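Mind folding the following:
(3 chains)
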Amino acid sequence: MDSLDRGRRAAGLGLAALAIAGGLTACSGSSGGDGGAASAGAGQAAGGGTYTIWDPYPQFDDSSDWVKLLTQCGTQAGVTVKRTGYDTTDLTNKALLAAQQGNSPDVLIVDNPVVSTLAEAGVLTSTDETKIDTSAVSPNLLAAGQLGGKTYGIPIGANTLALYYNKEVLKKAGVDADGIKDWASLTAALEKVKAAGKKGITFSAIGTEEGSFQFLPWFWGSGANLTKLDSPQGVAALSLWTDWVKKGYAPTSVINNTQTTSWQEFATGDFAFGENGTWQLANAKKTGFDYGIIPIPGKDGGTAPAPTGGEFVTIPVQKDAARYVATQKLVTCLASTGNSLTTDTTLSYIAPTEEVQTKQVEQNAELKVWVEAVKAAKGRTSDNLGTKYPKISEPMWKAMQAALSGSQPPQEALTAAQATAASAVQ
Amino acid sequence: MRATRRTWWRTGLGVVFTAFMLFPVYWMINVSFTRDQDMRKSPPYWFPVHGTLEGYRAVLEQQGPYLATSLVVGLGTVALTLVIAAPAAYSLAKLRPRGGGVLSFVLLIAQMIPGVIMAMGFYAIYLSTGVLNTVPGLIVADSTLAVPFAVLIFTAFMSGIPEELMQAARVDGAGAVRTFWSVVLPVSRNSVITVSLFAFLWAWSDFVFASTLDQGGGRQPITLGIYHYIGNNNQQWNAIMATAVVASIPATVLLVIAQRYVAAGVTAGAVKD
Amino acid sequence: MPVVVYLLAFYVYPLYRNVDLSLRNYTVRSFVQGDAPFTGFANYAKVFADATFGPALWHTIVFTVVSLAFQFSIGLALAVFFSRNFRLSTTLRALFLVPWLLPLIVSSSTWSWMLNSESGVVNAVLAALGIDPVNWLTSPDWSLWSVTIANIWIGIPFNLVVLYSGLQAIPSHIHEAAALDGASGWQRFWRVTFPLLRPVSAITLLLGLVYTLKVFDIIWIMTKGGPSDASTTLATWSYRLGFGNLLPSFGPGAAVGNLLIVIALVFGLVYIRAQRRQGAAA
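Residues are numbered from 1 along each chain as shown, chains lettered A, B, ... in the order given. This next block holds a predicted model:
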């Protein structure tokens, strides 16, 4: 760890030198993103140092709005920002490994169900310690980042699932999308679509967390609870999916579909419905057909609670507690109303605060259905499940795969899953 | 010439085999030109009917520096691997030191360690020595993929070198080092090229080490360039495939050249006989 | 010997780490804080008792044996085919290596693309031939075969290159002598070429075995080991335990990894033994 500090010091020296060299010309630190790290550092070296940020958005490079915003927030906090984008499935392990070696980033942006795992590992600081204000955030979204009465981060934005539908296909099949209120009417619609020679519905039932994410609206929508996977309601939800595949309303490829693959299937224009997320809105416009969006129905009507997706901004534990001051400024800047609007527009997410949500709907009326869906959504790790959630989720997706591939009937698959989950949670 | 006419059927058959083998590569190219909405069309288009250059536009704009880094890493790995493995294999095969068997055994086990575990080990070492996120660090890590293989392959080939040849050198008064340099190495040219090829290819296509040890780095290899197209919720498959296509072009050219050299070496040797 | 230093520096530490991980009861918390209690072989006991163990071991054997058999025989056949110089032979041989240039994430994804039951080109061909579509990746009966096919494809270039170099190393006058003795092409291959190729064949098979046991990315990308563990091998299982979940269980993951190392070790011993016997005979 010695060498690490030395490294930081060296970086600090380098910046100081830069500041001296460029100090006269680069006076305005608020010049924004395009100046890049050098000018920001030069202008503000006094407060200084380099602050690292890790995020799961590798698709954004240095010229993107997202990175510009990070640089700008760094400038405002008086520090230089060094940002790295990681693949989201990789980020948890990277964060754990870095924490083990005492090399955690100053700001870590992670998928919400991971927050409780990292908090449990002692990697994250709570918002009390670092004085992050989370009062404006909707409680149902914040819940995913809470463990044992403490909050370990602030959501950067939220997304959730709904049903995209292809207007043309439904019209041909004689189905009215507004008439779909519960599972029975949805299945009836799928039957009509199939009879009209088109394909019913596509979703992602892959054997990873992604599959559980897609299954939960149906699971919760039947009134089932994660603490008992093999309840009659849980079995009903899995039977619904299994029957769809059996009857050919959904393709067998769903077993291996990621959400992207499932979207590509929907985008061919052959499918009536596709279960997918807020983030596909931008792509939906590119498909070349008319689409609509309805919330996922509950078993006997109403809107099913979908799981919340989206990331949390967290502050990992640092040896040097003095760093939290600047980090707090950085995070507050990212979560501020104006910046939140920009970020969530870039990511195609719904903002975590009511104030910004209202603004989003004002700008784009299409988002209304999503804002409603996010309000009804529920964190996967909430209900005080925390780190128990992953231990339940894995047997659940395995049961899903077993039932959909026909190797076990739903009841049997879920009974086995419940036994595994129960012994793992203990 | 009669000989060439007789081998035409071989060429034909070879082309058929190659076409069959490369069909997945063709499919990758096909996908790289495909629009998002046609990607899962059933049945699929055999050719990019509604082709798009969207993927390539993105790649050509963004991937140049990544390619250059990959090239440096690949060549660096080849050099390092040869420097470490060739002398080691020579002494294993010809000098037969004590514990040589144990060493080949350890080399074998070394290859069994899962890449992820290796990468995690390196992460700790690299962090404390300050080579995390650097190109030399990545070269050293990538060489661990190739060195055990190289030593074993060299040993297998070098033990086939006739003892008389070595003895002749020794009679001429050459020491172990001279014998290695002026007799063993030239004779094992084929295995040197084989090893270099693999070292290069492994380094070129390595993903695990790069993503663990160089993701925060300023200069990253092409395998990490793919991350531009893998978002947290969405993947841009045409661009991912386009990256792979673009990345394989310079490497393929290199391969064809290297292979010609192998062939030339063989014929040259035959003439000498 | 520099290679000893190299080995110590770069392999021993990761290996030590893996053994250490497998002997302690790691939670995410103790992984980060570094105070996991030593539990001896508890992780191994847990792994052996797991319902996944039996099928995973069986799949590993099937996957490895079938892959090796096909990779080696196809590779050898191609090496012999290419060992005669003919027009374009060098270029075609180089093209055979192109699959190696592709990052596994790309080649494996391409395979899963082609084998997709709805929109895959393989099922399109079958349909054109009047054969019912096969659920390559989503049926428990097929998924192991699908990943094996993809793995064979990826392994052919390796076998081709090494065996080809091995063939080139056989002096041509031996062939000529055999031909003068009136041996047919086939006889020459079995009686002369094949025995001379044995050392190279042995090392190729051994390395192939080691690499195949270790394969996880291909399977992980194509099927995630599913459906219902139908294509889970020890390597993918180890990865899933250690990294494939929101909540990693490092201990059991490392234990499975070490089991694989032990399996390779056994084969390594067999190889060294055989080699020594041969050395003694010669």
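
which ones are touching the residue lying closest to residue B:156 once chain neighbours are set aside?
Spatial nearest neighbour of residue B:156, chain neighbours left out: residue C:203 (4.5 Å); criterion: Cβ to Cβ, 6 or more residues apart in numbering or on different chains. For the C-beta atoms, the positions are set from N, CA and C on the backbone; glycine is no exception. By Cβ atoms under 8 Å, 6 or more residues apart in numbering or on different chains, residue C:203 lies in contact with B:152-153, B:156, C:162, C:271.

One more: residue B:196?
B:78, B:81-82, B:258.

at 10 Å what do you get?
B:74-75, B:77-79, B:81-82, B:146, B:150, B:258 (Cβ atoms under 10 Å, 6 or more residues apart in numbering or on different chains).

What of residue A:420?
For residue A:420, the contacting residues are A:229, A:391-392, A:394-396, A:398-399, C:51, by Cβ under 10 Å, 6+ apart.

Residue A:415 too?
Listed by Cβ under 10 Å, 6+ apart, the contact set of residue A:415 reads A:229-230, A:234-235, A:399, A:408-409.

And for residue C:129, the neighbour number?
Close neighbours of residue C:129, defined as other Cβ atoms under 10 Å in any protein chain shown, add up to 7.

Return the distance of residue A:395 relative to chain C.
11 Å (Cβ to the nearest Cβ, to the nearest Å).

would that residue count as being in a strand?
No: counting by DSSP: H, G, I helix; E, B strand; the rest coil, residue A:395 is not found in a strand; it is helix.

any idea how far chain A is from the residue nearest the centre of chain B?
Residue closest to the mean C-alpha point of chain B, counted by Cα atoms, centre = their mean, is residue B:201 at 1.5 Å. Distance of residue B:201 to chain A, given as Cβ to the nearest Cβ: 23 Å.

Could you say which helix or strand holds the residue nearest to residue B:156?
Assigning secondary structure by DSSP states H and E places residue C:203 in helix C:198-214.

next SSE after that helix?
helix C:217-223.

What helices and strands are in contact with that next one?
Contacts defined by 3 or more Cβ pairs under 10 Å, 6 or more residues apart in numbering or on different chains; DSSP states H and E place helix C:217-223 against helix C:53-83, helix C:104-114, helix C:143-169, helix C:234-243.

give me the low-pLDDT residue ranges for the stretch 101-250 of chain C?
The stretch 101-250 of chain C contains residues with pLDDT under 70 at C:244.

Residues of it that sit close to chain A?
C:112-113, C:115-120, C:133, C:135-141, C:143, C:220, C:222-230, C:232, C:240, C:242-250 (Cβ under 10 Å from any Cβ of the partner chain).

let's go with 8 Å and repeat that
The interface of the stretch 101-250 of chain C toward chain A, taken as Cβ under 8 Å from any Cβ of the partner chain, is made up of C:112, C:116-119, C:135, C:137-140, C:222-230, C:243-248.

From chain C, how far off is residue B:223?
For residue B:223, the distance to chain C (Cβ to the nearest Cβ) stands at 5 Å.

same check, this time on residue B:21
To chain C, residue B:21 is 6 Å away according to Cβ to the nearest Cβ.

Not counting sequence-adjacent ones, nearest residue to that residue?
residue C:96 (5.9 Å).

can you give me phi and psi for residue C:184?
Here is the backbone geometry of residue C:184 (degrees, to the nearest 10): phi -80, psi 170.

same question, residue A:353
Main-chain torsions, residue A:353, degrees, to the nearest 10: phi -110, psi 150.

check contacts around it.
The contact partners of residue A:353, by Cβ under 8 Å, 6+ apart, come to A:136-138, A:337, A:340.

Most neighbours among those, which one is it?
In terms of neighbour count, residue A:340 stands highest of the contacts of residue A:353 at 25 neighbours, by other Cβ under 10 Å.

what's it in contact with, if anything?
By Cβ under 8 Å, 6+ apart, residue A:340 lies in contact with A:156-157, A:334, A:351-353, A:356.

now swap in residue C:152 and tell me
With contact taken as Cβ under 8 Å, 6+ apart, residue C:152 is in contact with C:66-67, C:70-71, C:74.

Tabulate these (CSV), appending distance to chain A.
Formatted as CSV, those follow (distance: Cβ to the nearest Cβ, whole Å):
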residue, distance to chain A
C:66, 22
C:67, 21
C:70, 24
C:71, 25
C:74, 27
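
could I get these as TSV with pLDDT and neighbour count?
Formatted as TSV, those follow (pLDDT from 0 to 100; neighbours: other Cβ atoms under 10 Å in any protein chain shown):
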residue	pLDDT	neighbour count
C:66	96	17
C:67	95	25
C:70	96	18
C:71	94	25
C:74	94	18
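
Identify the farthest-apart pair in those.
For these, the maximum inter-member distance is 12.1 Å, found between C:66 and C:74 (Cβ to Cβ).

burial of the closest residue to chain B within the stretch 101-250 of chain A, as a residue count?
Nearest residue of the stretch 101-250 of chain A to chain B (Cβ to the nearest Cβ) works out as residue A:101 at 5.2 Å. Counted with other Cβ under 10 Å, residues neighbouring residue A:101 total 19.

Chain C: which of the contacts of residue A:415 is nearest?
The closest of those, once distances to chain C are taken by Cβ to the nearest Cβ, is residue A:408, at 7.2 Å.

how about the nearest residue to residue C:108, chain neighbours excluded?
Nearest non-adjacent residue to residue C:108, counting by Cβ to Cβ, 6+ apart: residue C:221, 3.8 Å away.

Touching, that neighbour and residue C:105? I think so.
Yes: contact criterion Cβ atoms under 8 Å: residue C:221 and residue C:105 qualify, at 6.2 Å.

any common contacting residues for those two?
Shared contacts of residue C:221 and residue C:105 (Cβ under 8 Å, 6+ apart): none.

Go ahead and confirm residue A:205 touches residue A:258.
No: Residue A:205 lies out of contact with residue A:258 (Cβ under 8 Å); the separation is 10.2 Å.

more neighbours, these two?
Legend: neighbour count by other Cβ under 10 Å for residue A:205 and residue A:258, higher for residue A:205 (31 against 18).

What is the three-state secondary structure of that one?
coil.

residue ranges with poor pLDDT in the stretch 151-300 of chain A?
Applying pLDDT under 70 to the stretch 151-300 of chain A picks out no residues at all.

Flag every residue of it that's near chain B.
So far as Cβ under 8 Å from any Cβ goes, the stretch 151-300 of chain A lies against chain B at A:159, A:258-261, A:263-265, A:267-270, A:277, A:279-280, A:283, A:286-288.

Could you give me the PyMOL selection string for whichever of the residues you listed are buried?
Filtering those down to the buried ones (16 or more other Cβ atoms under 10 Å in any protein chain shown) takes a single PyMOL command:
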select buried, chain A and resi 159+258+259+260+261+263+264+265+267+268+269+270+277+279+280+283+287
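
Go through the residues of the stretch 151-300 of chain A next to chain B and flag which are in strands.
residue A:277 (DSSP state E).

which of the residues of the stretch 151-300 of chain A next to chain B come close to chain C?
A:265, A:268.

re earlier: for the residue nearest to residue C:108, what are its contacts?
When contacts are counted by Cβ under 8 Å, 6+ apart, residue C:221 is found next to C:104-105, C:108-109, C:112.

Now for the residue lying closest to residue C:127 once chain neighbours are set aside, how many residues are close by?
The shortest distance from residue C:127 to any non-neighbouring residue, by Cβ to Cβ, 6+ apart, is to residue C:133 (6.4 Å). If you count neighbours by other Cβ under 10 Å, residue C:133 ends up with 15.

May I have the secondary structure class of residue C:133?
The three-state label given to residue C:133 by three-state DSSP is coil.

Quick check: helices, which of the residues of the stretch 151-300 of chain A next to chain B are part of them?
When DSSP state H is applied, those are split such that A:259-261, A:263-265, A:267, A:283 fall in helices.
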